[in-house]
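Q: Pasting the sequence and the predicted coordinates here, then a few questions.
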2 protein chains.
Amino acid sequence: MENQNISDIIESYLKQILAESQQVEIRRAEIANQFNVVPSQINYVIKTRFTIQDGYVVQSKRGGGGYIRIEKVKLLDNLDFIDSLVTAVGDQISRHDSLSVVRSLFEAGAINRSEANIILAAINKDAINTGDRQADEQIRAQILISILNHLRYES
Amino acid sequence: MENQNISDIIESYLKQILAESQQVEIRRAEIANQFNVVPSQINYVIKTRFTIQDGYVVQSKRGGGGYIRIEKVKLLDNLDFIDSLVTAVGDQISRHDSLSVVRSLFEAGAINRSEANIILAAINKDAINTGDRQADEQIRAQILISILNHLRYES
DNA sequence: ATAATATTAGTCAACATTAGTCAAGAACAC
DNA sequence: GTGTTCTTGACTAATGTTGACTAATATTAT
């Protein structure tokens, strides 16, 4: 309790609000000022303490009237399964292996047939074809991981 | 929620009218005056929030009795709907515009909410982020077109 | 009819206002 | 001492606001 750093304090402050509300919306500069830190520290707090693994989804907008909104989401009970697929995907993944990932999702009931087909359309060779095989495999991995992270929670 | 910028407020005002009516016709200077902004801000609002990707068609006339008319178009009436979106996507597309495309697909009934969310996960900035913005926009366009083509043959 | 003037909307670039990224150094835990 | 986490600030990016200038159309004067 005594040795809390400022990031922990900001985290507590936001989570306290989230305990009573489904979401919290802040102006970055305002919170930074309130806690007497530089604005980018708010990004640090969010990046390290409000991840999808923790059950939070973050949205933001820049410019006049800008904001950062943190939403608490209901995580599904497939987390271990998703984790294992995220690990399997890694930094890059071949087209062949990515088919297996999508098939696993379908067979596990995480997605239905038409959702599977959309994912396949998003990662097939018409969709991702930069001319550099390794680059393609990296992009495919990022897309799959983004989709897997989305499948962690109820939306 | 409280600190909406004026462009959002004008957008809401116009969409509120469009919720009850197929179209809205305004005099630019009048609306600008009503919301206490310069007239060109009305153009900004229309350009960023009432595009064809969003499902709106805008017509205007200058001179005495001039007007700006925003019409909500029924996308399903258009058999070439997918084609028009493919054209709108083009060789590259910004994240902002790609959101409009997905929203249009959803509002047209071509995809349901969870399919829309999967597509958004596939094209958001976590998914596509090579460090080269133009490259990202090109990849995003290819993925969207691949999905659009899939949807064309699916239905 | 034609030209001049008035009355609208359109474009564009400068400026303002937000948030995001990244890397260096400090503080901390072991 | 070493490795991790935290803090900071310079730089970048996205979005919104403003006003000077331009273009189109209508009205009025000749």
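A: The structure has been received and is ready for your questions.
Q: residues near residue A:100, how many?
A: As a burial measure, residue A:100 scores 13 neighbours (other CB atoms under 10 Å in any protein chain shown). Quick note: C-beta positions are derived from backbone N, CA and C, even for glycine.
Q: what ranges do the helices span in chain A?
A: With helices called from DSSP state H, chain A shows them at A:6-20, A:28-34, A:40-49, A:79-89, A:95-107, A:113-123, A:133-150.
Q: packing partners for the shortest one?
A: Under the contact criterion of 3 or more CB pairs under 8 Å, 6 or more residues apart in numbering or on different chains; DSSP states H and E, helix A:28-34 touches helix A:40-49.
Q: Could you see whether DNA strand D lies near the helix it packs on?
A: Yes - under the criterion of CB under 7 Å from any atom of the strand, helix A:40-49 makes contact with DNA strand D via A:40, A:41, A:44, A:48.
Q: does chain B sit close to that helix?
A: No - judged by CB under 8 Å from any CB of the partner chain, helix A:40-49 stays clear of chain B, getting no closer than 12.0 Å.
Q: Name the residues that touch that helix?
A: Contacts to helix A:40-49, defined as CB atoms under 8 Å, 6 or more residues apart in numbering or on different chains, come from residues A:6, A:7, A:10, A:11, A:14, A:26, A:28, A:31, A:32, A:58, A:68, A:70.
Q: How about residue A:22: what's its closest non-neighbour residue?
A: Leaving aside its chain neighbours, residue A:22 sits nearest to residue A:72 (5.8 Å; criterion: CB to CB, 6 or more residues apart in numbering or on different chains).
Q: List the beta-bridge partners for the one you found.
A: residue A:56 (DSSP bridges).
Q: residues in contact with it?
A: Taking CB under 8 Å, 6+ apart, we find residue A:72 in contact with A:18, A:22, A:23, A:55, A:56.
Q: residues near residue A:148, how many?
A: Using other CB under 10 Å as the criterion, the residues surrounding residue A:148 number 22.
Q: That one contacts residue A:87, correct?
A: No - using CB atoms under 8 Å, residue A:148 makes no contact with residue A:87, being 10.2 Å away.
Q: picking up where we left off before, from the contacts of residue A:72, pick the one nearest residue A:79.
A: Nearest to residue A:79, judged by CB to CB, of the contacts of residue A:72 is residue A:55 at 9.8 Å.
Q: where's that closest one relative to residue B:118, distance?
A: Distance check for residue A:55 against residue B:118: by CB to CB, to the nearest Å, it reads 20 Å.
Q: With distance to DNA strand D as added columns, please give the contacts of helix A:40-49 in TSV.
A: Compiled in TSV, the contacts of helix A:40-49 are given as follows (distance: CB to the nearest atom of the strand, whole Å):
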residue	distance to DNA strand D
A:6	4
A:7	3
A:10	8
A:11	9
A:14	13
A:26	16
A:28	11
A:31	13
A:32	9
A:58	15
A:68	13
A:70	17
